[in-house]
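**Q** dropping the sequence and predicted coords here.
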Amino acid sequence: MGTTWSVKLYAAPAISPDALRRGIQARLDEVVAQMSTWEADSALSRYNAAPPGWQTMPQACFEVVEAAITVAKQSTGAYDPTVGPLVNLWGFGPDGPRDHPTAQDIDTARARCGWWRVELDSARRTVLQPGGTYIDLSAIAKGYGVDAVAAYLRQNGCDSFLVEVDGELLGEGVKPDGQPWWVELERPGGRAHEPLIVALHGLAVASSGDYRRCWFDASGKRYSHTIDPRTGIPVLHDTAAVSVLHKRCMLADALSTALMVMGTAEGMQFAQRHDIAALFIDRDGDRYVESLSPALAAMLD
């Protein structure tokens, strides 16, 4: 996935840390083998290169595609796993940086997108390739990887752990001192804010923002790596970052992207309707303004 992972845990002495490490790496390697767009022989890459027709998917990859389509429908396309052609066009895909696309380039790429074109057959575990569709699971697969590692740890007798992949986290159980796994939500501006610390007690957190990776054109205009599938261009609003807390890191991952695309005004309404615990951070000149959804505010009371 082009990033790092870490796991902190408390376990019985009989459980081998080396064996756990190998098992964790194997679970994450499986995610890459099935869902990477950077690996030409991954299950997802084979789907993307396939001619029109039904394609059988491995169980995990099918599960993630199914969840991605569900969030796409729920968010009316603010999150769309078929945004891959636009991600690549703007230089954030496997081919790396590219020239600024023209309006015609954008229209051509958008014609290949559209979550509603992807049909699923759960009984046969198949996904329809309508022709030219390119699914990109980058905004959900890392969250799934966190969930997969957590499931592996539970299966191997661990009931107190904190899993992290590229800043996406899931905590479970309590430490020997009775404390849960406390984490500070990362925010642009660093220590300019009072720390916002949450207990990941059976909860995951995922964030989406434009302050880590962005692209600038010759005029110095900021282009976020988060593409709005509804317009075909990077988001241009003042929302700098969104963090979402959810029981499943996979869904926290996808929902944080959807809310980042929407921006605070639209995203807050969506979070309220769907009872999503979310933190929105907006730029206001040279400072940042934070907004908490009602579900997150209730957690902190």
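**A** That came through fine.
**Q** quick one: the strands in the stretch 151-300 of the chain?
**A** 160-165, 168-172, 182-184, 197-199, 203-209, 214-216, 222-224, 227-228, 233-234, 239-246, 277-284, 287-292 (DSSP state E, counting those that start in this stretch).
**Q** shaky segments in this structure?
**A** For the chain, the stretches with pLDDT under 70 are 95-97, 189-193, 211-224, 301.
**Q** D238 and G285, how far apart?
**A** Distance from D238 to G285, counting by CB to CB, to the nearest Å: 10 Å. Bear in mind the C-beta positions are built from the backbone N, C-alpha and C, glycine included.
**Q** more neighbours: which of the two?
**A** D238 (15 against 7; other CB atoms under 10 Å).
**Q** what sits against that one?
**A** Applying CB atoms under 8 Å, 6 or more residues apart in numbering to D238 gives the contacts G263, T264, D282, R283, D284.
**Q** mind doing that once more with 10 Å?
**A** Neighbour list for D238: G263, T264, A265, I281, D282, R283, D284, G285, Y288, V289 [criterion: CB atoms under 10 Å, 6 or more residues apart in numbering].
**Q** got it, and D136?
**A** For D136, the contacting residues are 35, 37, 44, 48, 68, 80-88, 92-94, 113, 227, by CB under 10 Å, 6+ apart.
**Q** in helices, which of these fall?
**A** Using DSSP state H, M35, L44, N48, A68, G84, P85, L86, V87, N88 are the members of the contacts of D136 that sit in helices.
**Q** okay, the residues you listed in JSON lines with distance to G171 next?
**A** Formatted as JSON lines, the ones in helices among the contacts of D136 follow (distance: CB to CB, whole Å):
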{"residue": "M35", "distance to G171": "24"}
{"residue": "L44", "distance to G171": "28"}
{"residue": "N48", "distance to G171": "34"}
{"residue": "A68", "distance to G171": "24"}
{"residue": "G84", "distance to G171": "31"}
{"residue": "P85", "distance to G171": "36"}
{"residue": "L86", "distance to G171": "34"}
{"residue": "V87", "distance to G171": "30"}
{"residue": "N88", "distance to G171": "34"}
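**Q** where exactly do the strands run in the stretch 1-150 of the chain?
**A** With DSSP E, counting those that start in this stretch as the criterion, the stretch 1-150 of the chain has strands at 5-10, 53-56, 120-121, 126-129.
**Q** return the most buried member of those strands.
**A** The highest mean neighbour count among the strands of the stretch 1-150 of the chain, using mean count of other CB atoms under 10 Å, belongs to strand 126-129: a mean of 20.
**Q** what residues does that one touch?
**A** Contacts of strand 126-129 (CB under 10 Å, 6+ apart): 43-44, 46-57, 61-62, 65-66, 69, 117-121, 133, 135.
**Q** give me that answer again for 6 Å
**A** Residues from elsewhere that reach strand 126-129, judged by CB atoms under 6 Å, 6 or more residues apart in numbering: A50, P52, G53, W54, Q55, T56, M57, V65, E119, L120.
**Q** contacting residues for the fourth one?
**A** Translated: W54. Applying CB under 6 Å, 6+ apart, we find W54 in contact with T126, L128.
**Q** and with 7 Å instead?
**A** Shown in contact with W54 (CB atoms under 7 Å, 6 or more residues apart in numbering): D121, T126, L128.
**Q** of those, closest to A19?
**A** Distance to A19 across the contacts of W54 (CB to CB) is lowest for T126, with 35.2 Å.
**Q** what bridges to the closest one?
**A** Residues in a beta bridge with T126, per DSSP bridges, are T56, D121.
**Q** so how far is A206 from it?
**A** On the measure of CB to CB, T126 and A206 end up 28 Å apart.
**Q** likewise M262?
**A** M262 is 16 Å from A206, where distance means CB to CB.
**Q** quick one, which of the two is more surrounded?
**A** Per other CB under 10 Å, whichever of M262 and A206 has more neighbours is A206, with 30 against 25.
**Q** wait, the more buried one touches D253, no?
**A** Yes. Under the criterion of CB atoms under 7 Å, A206 makes contact with D253 at 4.2 Å.
**Q** quick check on the closest residue to T4 other than its chain neighbours: phi, psi?
**A** In space, and not counting its chain neighbours, T4 is closest to D166: 7.0 Å by CB to CB, 6 or more residues apart in numbering. The phi/psi pair for D166 (degrees, to the nearest 10) reads phi 50, psi 40.
**Q** tell me how many other residues crowd A278.
**A** Neighbours of A278 (other CB under 10 Å): 27.
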